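Novice: okay, predicted coordinates and the sequence, questions at the end:
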Amino acid sequence: MKDPSRSSTSPSIISEDVIINGHSHEDDNPFAEYMWMENEEEFNRQQFLFFAQIEEELWEEEFIERCFQEMLEEEEEHEWFIPARDLPQTMDQIQDQFNDLVISDSSSLEDLVVKSNLNPNAKEFVPGVKYLNI
């Protein structure tokens, strides 16, 4: 097999181009046909890098797909707020929900204060201010 870069585009037979033992007189190197193998290691290295890059991209795509699937599964597991389902439809239902929201009577608030562990004489908390115990 001849090196394609050495072939001519116009086939012309000249009497001087006599082929002897499979090689023409023009061929200085009888191994010119195999010279492409000289850079075979570089070619193989480039091919390896190319395929490694493609493999990395495929792994990345698979990872993104897996993350996306996990996100969808996680969303399906949680109970999400759906307005059409979760919001009351009429004013009566809204009023019923407000009536169910009883804070507490004053007697239970007094009981809570009496049973509290908080110090009523403590300084007022101010965010960002450090207190020193002296």
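Specialist: Cool, got the structure.

Novice: going by C-alpha atoms from here, please, whenever you check contacts or count neighbours.
Specialist: Noted.

Novice: how far does stretch 72-84 sit from the chain's center?
Specialist: 23 Å (Cα atoms, centre = their mean, to the nearest Å).

Novice: how long is it from one end to the other?
Specialist: Its first and final residues considered, stretch 72-84 spans 21 Å by Cα to Cα, to the nearest Å.

Novice: now do the same for the most centrally placed residue in the chain: its pLDDT.
Specialist: In the chain, the residue lying closest to the centroid (Cα atoms, centre = their mean) is Ile64, at 4.2 Å. Looking at Ile64, its pLDDT reads 95.

Novice: so which elements touch the strand or helix carrying it?
Specialist: In this assignment (DSSP states H and E), Ile64 forms part of helix 40-77. Here helix 40-77 touches no other helix or strand, going by 3 or more Cα pairs under 8 Å, 6 or more residues apart in numbering; DSSP states H and E.

Novice: would you map the helices across the protein?
Specialist: Using DSSP state H, the helices of the chain run over residues 40-77, 83-86, 91-100, 106-114.

Novice: so for the second one, what's the average pLDDT?
Specialist: Averaging the model's pLDDT scores along helix 83-86 yields 72.

Novice: same question, stretch 30-40
Specialist: If you average the pLDDT values across stretch 30-40, you get 80.

Novice: dump it to PDB, keeping only the CA atoms.
Specialist: What follows is the C-alpha trace of stretch 30-40 in PDB, where atoms were taken according to Å, rounded to 0.1, in the frame of the first residue of the first chain:
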ATOM      1  CA  PRO A  30      12.200   1.100   0.000                       C
ATOM      2  CA  PHE A  31      10.200   1.400   3.300                       C
ATOM      3  CA  ALA A  32       8.500   4.700   2.300                       C
ATOM      4  CA  GLU A  33       5.300   2.800   2.200                       C
ATOM      5  CA  TYR A  34       5.600   2.100   5.900                       C
ATOM      6  CA  MET A  35       6.800   5.500   7.000                       C
ATOM      7  CA  TRP A  36       3.400   6.400   8.500                       C
ATOM      8  CA  MET A  37       4.200   3.900  11.200                       C
ATOM      9  CA  GLU A  38       7.000   6.200  12.400                       C
ATOM     10  CA  ASN A  39       4.400   8.300  14.300                       C
ATOM     11  CA  GLU A  40       2.200   5.500  15.400                       C
END
